[in-house]
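Undergrad: Sequence first, predicted model second:
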Amino acid sequence: MVSTPLPPADEKAVWVRSMFDRIAPRYDRFNDLLSAGVHRRWRARTIDALAPTGGETFLDLCAGTMDLAVAISERAPGARVAAADFSIRMLASGREKAAATPGPVHPVAADALALPFPDAAFDGCTIGFGLRNLADYSQGLAEMQRVLAPGGRLVVLEFTTPPGKVFRALYHGYFHHVLPRAGALVSHDSAAARYLPESVKAFPDVRSLARLLREAGFDRVRYRYLTGGIAALHHGVRP
Ligand SMILES: C[S@@+](CC[C@H](N)C(=O)[O-])C[C@H]1O[C@@H](n2cnc3c(N)ncnc32)[C@H](O)[C@@H]1O
């Protein structure tokens, strides 16, 4: 398997947006098939960690087809939810799900590195499989910190590398060899399917990501592995 070189940082945003624009109509199918539906459990754990209540205002960043934004609204029907993404096609692919939610979910075309929201606008922020795609993780976290009100919660759901040697070796075979081939068939986009494992490999490990959250100013930072460490949840609070 020939690996895809990741795009250089100054081209990453354009490259990433055009990739998600291309795969948008097939993104949900890709997730369901390649994670065997496990991503739904991870999203439920993300909402548990966020603990949304009605009357609060939330931002789901890098919202894609809005699964997390919809899950927030389903858990807390009285909450207001903004679903922000710079790929309008990803947002458009999720519009039927968003329209069927019990509470308001507002899609917003926005760049995570320069958010069009005032300071302290949100009680909580989620970002699912999005942080890894940003050209500058620290700048993204600084923006999340800026738009959260004091006491506001951040929950980051992201792929990581399993800590156990045996499971890591087994999973490596699937993630780096099976997934790129199967993913290319489902997404009709071999570059996108190869980008996923490469971008996870280049992403900070759980401890380094926790450090980035603290450096961005978050308090009470903690993390937990999901499904043997295929993914992880990081949680922080804006002081
Ligand atoms: C892997 S998808 C995740 C979508 C969704 N959060 C989920 O859990 O399925 C990553 C999303 O991040 C978006 N994205 C990447 N970089 C972004 C940026 N700088 N600003 C806004 N959205 C961005 C992409 O357009 C894409 O929709």
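TA: That came through fine.

Undergrad: now the helices for the protein?
TA: 9-23, 27-34, 38-50, 67-75, 88-93, 95-99, 137-147, 165-173, 179-187, 190-202, 206-215 (DSSP state H).

Undergrad: Can you tell me which of these is most buried?
TA: helix 67-75 (a mean of 24; mean count of other CB atoms under 10 Å). For every residue, glycine as well, the C-beta is placed using N, CA and C.

Undergrad: just to revisit the earlier point, will you turn the helices of the chain into a markdown table that also has distance to Tyr225?
TA: Compiled in a markdown table, those are given as follows (distance: least, CB to CB, whole Å):
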| stretch | distance to Tyr225 |
| --- | --- |
| helix 9-23 | 26 |
| helix 27-34 | 19 |
| helix 38-50 | 11 |
| helix 67-75 | 19 |
| helix 88-93 | 27 |
| helix 95-99 | 28 |
| helix 137-147 | 19 |
| helix 165-173 | 11 |
| helix 179-187 | 19 |
| helix 190-202 | 14 |
| helix 206-215 | 7 |
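
Undergrad: With mean pLDDT and distance to the ligand added, can I get these in TSV?
TA: What follows is the helices of the chain, written out as TSV (pLDDT from 0 to 100; distance: least, CB to the nearest ligand atom, whole Å):
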stretch	mean pLDDT	distance to the ligand
helix 9-23	93	4
helix 27-34	86	6
helix 38-50	96	7
helix 67-75	97	5
helix 88-93	98	4
helix 95-99	94	11
helix 137-147	98	7
helix 165-173	87	19
helix 179-187	78	11
helix 190-202	88	8
helix 206-215	98	16
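
Undergrad: residue contacts, the residue of the chain found nearest the ligand?
TA: Of all residues in the chain, Gly64 sits closest to the ligand, at 2.4 Å by CB to the nearest ligand atom. Gly64 is in contact with Phe20, Tyr27, Asp85, Ser87, Met90, Leu91, Gly94, Gly128, Phe129, Gly130, counting by CB atoms under 8 Å, 6 or more residues apart in numbering.

Undergrad: For Ser3, report the pLDDT, please.
TA: At Ser3 the predicted local distance difference test score is 50.
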